[in-house]
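Q: below is the sequence, then the predicted model.
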Amino acid sequence: MERLKTRADFLRAARGIRRVEGAITLETCPTPADQASGGALRAGFTASKKIGNAVIRNRAKRRLRAAASQLLPLLGRVGHDYVLVARGTTVARPFAALLLDITTALKAAHKKLDAKAGEGHG
């Protein structure tokens, strides 16, 4: 799993498919062909100042990274970018519930991606 680092990558994902589920927001889009490297999926993590001070934002992102490292290798799709956005309840949410939120959001986003792909080839 590679990391998204540039602002352009985060903005591209924000223009893609967005799912809000419990304590997270998931944004996803296909990886651009010029940046796809050897069949890896890419992930980024963000928490706005609305979440809280730097300590709380960092804790929220650490929790998102830990959850994503467990789930994205299993449920993520190669050739896609994923951005997990922390919400106000991310830090307080039990870890098992956070995993469930991400799983549900991934499945819903993939269903939407598949529907979108089906439209384009009709």
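A: Thanks, I have it.

Q: now do the worst-scoring helix or strand of the chain on mean pLDDT: which elements does it pack against?
A: When the helices and strands of the chain are scored by mean pLDDT, DSSP states H and E, helix 95-120 comes last with a mean of 90. Counting contacts by 3 or more C-beta pairs under 8 Å, 6 or more residues apart in numbering; DSSP states H and E, helix 95-120 packs against strand 17-21, strand 24-30, helix 54-75, strand 80-86. The way it works is simple: take the backbone N, C-alpha and C, and place the C-beta from them, glycine included.

Q: output stretch 46-55 as CSV, nothing but the C-alphas.
A: C-alpha atoms of stretch 46-55 as CSV (Å, rounded to 0.1, in the frame of the first residue of the first chain):
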residue,chain,number,x,y,z
THR,A,46,-6.6,13.7,6.6
ALA,A,47,-8.2,15.4,9.6
SER,A,48,-9.4,19.1,9.4
LYS,A,49,-9.0,21.6,12.2
LYS,A,50,-12.7,21.1,12.9
ILE,A,51,-11.8,17.8,14.6
GLY,A,52,-9.7,19.5,17.3
ASN,A,53,-6.2,20.5,18.1
ALA,A,54,-3.0,18.9,16.6
VAL,A,55,-2.9,16.2,19.2
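
Q: now that stretch, how far from the centre of its chain.
A: Chain-centre distance of stretch 46-55: 17 Å, with C-alpha atoms, centre = their mean, to the nearest Å.

Q: residues contacting L41?
A: The neighbours of L41, taking C-beta atoms under 8 Å, 6 or more residues apart in numbering as the test, are M1, E2, T31, L72, G76, R77, V78, G79, H80, D81, Y82.

Q: for PyMOL, what selects the buried ones among the residues you listed?
A: Listed next is the PyMOL selection for buried residues among those, using 16 or more other C-beta atoms under 10 Å:
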select buried, resi 31+72+76+80+81+82
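
Q: give me the number of residues near G52?
A: 17 (other C-beta atoms under 10 Å).

Q: residues contacting it?
A: Taking C-beta under 8 Å, 6+ apart as the test, what G52 contacts is A60, V91.
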